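Peer 1: Turn this into a structure:
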Amino acid sequence: MSIEDNADAWVDAWFDLNFLVDEQKVTDILLPNGSEVTLNDAKKWLQETMVASSSVSFSIEMHNGKQVVLVKQGDS
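Peer 2: Residues are numbered from 1 along each chain as shown. The predicted structure is shown next:
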């Protein structure tokens with residue numbers, strides 16, 4: 001994967017994450033390691049992760065009694 005492809009991948013991931021947060025009015029994000037983070041911290045994590053050519057996906061899930069955006073790494 002080229003540098004441009006990596007940049008496109010994390011920018012696309014940022015867009016998808018922003019869309020979910022805005023559309024679902026969800027403020028908490030759960031990373032694959034179980035950490036609850038803010039949107040800005042999740043974006044930083046995505047940028048660092050996507051540089052390593054990993055793919056991510058997102059879903060809305062219940063965690064500790066509230067809706068969160070669950071970030072899944074890889075093809076999960």
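
Peer 1: if you skip the residues just before and after it, what's nearest to residue 45?
Peer 2: In space, and not counting its chain neighbours, residue 45 is closest to residue 31: 5.9 Å by CB to CB, 6 or more residues apart in numbering. Using the backbone N, CA and C atoms, a C-beta is placed for each residue, glycine as well.

Peer 1: what's downstream of the host helix or strand of residue 41, the next helix or strand?
Peer 2: Secondary-structure element containing residue 41, defined by DSSP states H and E: helix 39-51. Heading C-terminal from helix 39-51, the first helix or strand you meet, by DSSP H and E, is strand 56-63.

Peer 1: Go through that next one and flag the buried ones.
Peer 2: Within strand 56-63, the residues that qualify as buried are 56, 58, counting by 16 or more other CB atoms under 10 Å.

Peer 1: How far does that strand sit from its chain's centre?
Peer 2: For strand 56-63, the separation from the chain centroid amounts to 9 Å (computed by CA atoms, centre = their mean, to the nearest Å).

Peer 1: any idea of the angle the longest helix anywhere in the chain forms with strand 56-63?
Peer 2: Longest among the helix segments of the chain by residue count, using DSSP state H, is helix 3-24. Inter-element angle recorded for helix 3-24 and strand 56-63: 30 degrees (by axes from the mean of the first three to the mean of the last three CA atoms, to 10 degrees).

Peer 1: Kindly format the C-alpha coordinates of helix 3-24 as PDB.
Peer 2: Presented in PDB, the C-alpha positions along helix 3-24 are these (Å, rounded to 0.1, in the frame of the first residue of the first chain):
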ATOM      1  CA  ILE A   3       1.700   6.400   1.300                       C
ATOM      2  CA  GLU A   4      -1.200   8.000  -0.600                       C
ATOM      3  CA  ASP A   5      -3.300   4.900  -0.100                       C
ATOM      4  CA  ASN A   6      -2.600   4.900   3.600                       C
ATOM      5  CA  ALA A   7      -3.500   8.600   3.900                       C
ATOM      6  CA  ASP A   8      -6.700   8.000   1.900                       C
ATOM      7  CA  ALA A   9      -7.600   5.000   4.200                       C
ATOM      8  CA  TRP A  10      -7.300   7.000   7.500                       C
ATOM      9  CA  VAL A  11      -9.000  10.000   6.000                       C
ATOM     10  CA  ASP A  12     -11.900   7.800   4.900                       C
ATOM     11  CA  ALA A  13     -12.000   6.200   8.400                       C
ATOM     12  CA  TRP A  14     -12.100   9.700  10.000                       C
ATOM     13  CA  PHE A  15     -15.000  10.500   7.700                       C
ATOM     14  CA  ASP A  16     -16.900   7.300   8.500                       C
ATOM     15  CA  LEU A  17     -16.300   7.800  12.200                       C
ATOM     16  CA  ASN A  18     -17.500  11.400  12.200                       C
ATOM     17  CA  PHE A  19     -20.600  10.400  10.200                       C
ATOM     18  CA  LEU A  20     -21.500   7.800  12.800                       C
ATOM     19  CA  VAL A  21     -20.900  10.100  15.700                       C
ATOM     20  CA  ASP A  22     -23.000  12.900  14.200                       C
ATOM     21  CA  GLU A  23     -25.800  10.700  12.900                       C
ATOM     22  CA  GLN A  24     -26.200   8.600  16.000                       C
END
